[in-house]
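Asks: here is a sequence with its predicted model. Questions after.
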Amino acid sequence: MRLRMLAKRVRDGSRSSLNRVVLRQGLATLERTLARGATPRERLLRTLERGWANSAWSADVKLLSAALYWLDRTSGPIVECGSGLSTLVMACAAAPAGRRVHSFEHDPAWAMRVEQVLPTRLARCVDLQITPLRSYGDFDWYSLDALTQPVEIGFVLCDGPPGTTRGGRYGLAPILGQQMAEGCIVLLDDTQRSSEHAVVLRWCDELNAEVIHEGGTYNVLEVRRGARQVA
Ligand SMILES: C[S@@+](CC[C@H](N)C(=O)[O-])C[C@H]1O[C@@H](n2cnc3c(N)ncnc32)[C@H](O)[C@@H]1O
């Protein structure tokens, strides 16, 4: 029994070391690809997904592709709700452009996982904020109480907090809407779920935004004018 457990531990250990190498090499390839102005192939994004090894919860290839595509069409600070593989991928695009990724994560263990694999050269453009979810009355969202909030946000990838959170991802608009620049692009994942679809409709109203692209499982919104202040 002990031998079997030991063998499993060794196997798990070597699998996770291998994943780390795959991830590190994949990120370096992604940086080179973006530096050439090329579009990363699906195969490369799949390699990154494999290296990150959290496919049930992480941004999938389609969302990563969309994030890179739309991020490149914006300027200014980048905000991410729910860190993970997407943080690493967006850092590859943000670093050469001198942009910052402000990533909110409520779970310290997941933040640590990102920090452990974030190459130093990319870490300087990532502001990974570990912050609890708190009540804002009708909904829960990341507490920004102790944080300096980014202003004139140009791009948002909203992939958190988890769907089980009270109010889901709705809190982005009332809490950070005023900080979004005109033309800010908001990419919301999981819009095939009725709860996220309802969030899109509320955001369109509250952010003066329009859906400019509907992906299979995500929507892209553009903030047209200054966001409306929600009472
Ligand atoms: C949809 S995930 C965000 C994924 C992230 N954008 C990525 O590309 O990896 C939303 C939140 O779920 C939590 N989470 C991530 N992986 C998880 C797992 N395997 N089990 C439970 N919670 C997880 C983290 O707190 C994360 O912020």
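Replies: Arrived safely.
Asks: the ligand contacts on the protein?
Replies: Contact residues (C-beta under 6 Å from any ligand atom) of the chain with the ligand: 54, 57-59, 82-86, 105-107, 110, 159-160, 162. For glycine as for every other residue, the C-beta is placed from the backbone atoms N, C-alpha and C.
Asks: would you list every one of the strands in the chain?
Replies: Applying DSSP state E to the chain gives strands spanning 78-81, 101-105, 126-130, 133-135, 140-142, 153-158, 180-189, 209-214, 218-223.
Asks: adjacent strands (with direction) for the fifth one?
Replies: When you say that, I think you mean strand 140-142. strand 133-135 (antiparallel) (DSSP bridges).
Asks: name the residue of the chain that lies nearest to the ligand.
Replies: residue 84 (1.9 Å; C-beta to the nearest ligand atom).
Asks: shouldn't that residue be in contact with residue 56?
Replies: No. Contact criterion C-beta atoms under 8 Å: residue 84 and residue 56 do not qualify, at 11.4 Å.
Asks: mind listing what's buried along the helix or strand of the chain with the lowest mean pLDDT?
Replies: Taking mean pLDDT, DSSP states H and E as the measure, the helix or strand of the chain with the lowest value is helix 2-35, at a mean of 86. The neighbour-count check on helix 2-35 (16 or more other C-beta atoms under 10 Å) flags 19, 22-23, 26-27, 29-31, 33-34 as buried.
Asks: and that helix, what other elements does it pack with?
Replies: Contacting helix 2-35 under the criterion 3 or more C-beta pairs under 8 Å, 6 or more residues apart in numbering; DSSP states H and E are the following elements: helix 42-52, helix 85-94, helix 108-117.
Asks: which other residues reach the first one?
Replies: The reference is to helix 42-52. Helix 42-52 has contacts (C-beta atoms under 8 Å, 6 or more residues apart in numbering) with 19-24, 26-27, 29-30, 33, 55, 58, 60-61, 64-65, 84-85, 88-89.
Asks: thinking again about what came up before, count the neighbours of the residue nearest to the residue of the chain closest to the ligand when sequence neighbours are not counted for me.
Replies: Nearest non-adjacent residue to residue 84, counting by C-beta to C-beta, 6 or more residues apart in numbering: residue 58, 5.0 Å away. Neighbours of residue 58 under the rule other C-beta atoms under 10 Å: 19.
Asks: got a pLDDT number for residue 229?
Replies: With respect to pLDDT, residue 229 has a value of 53.
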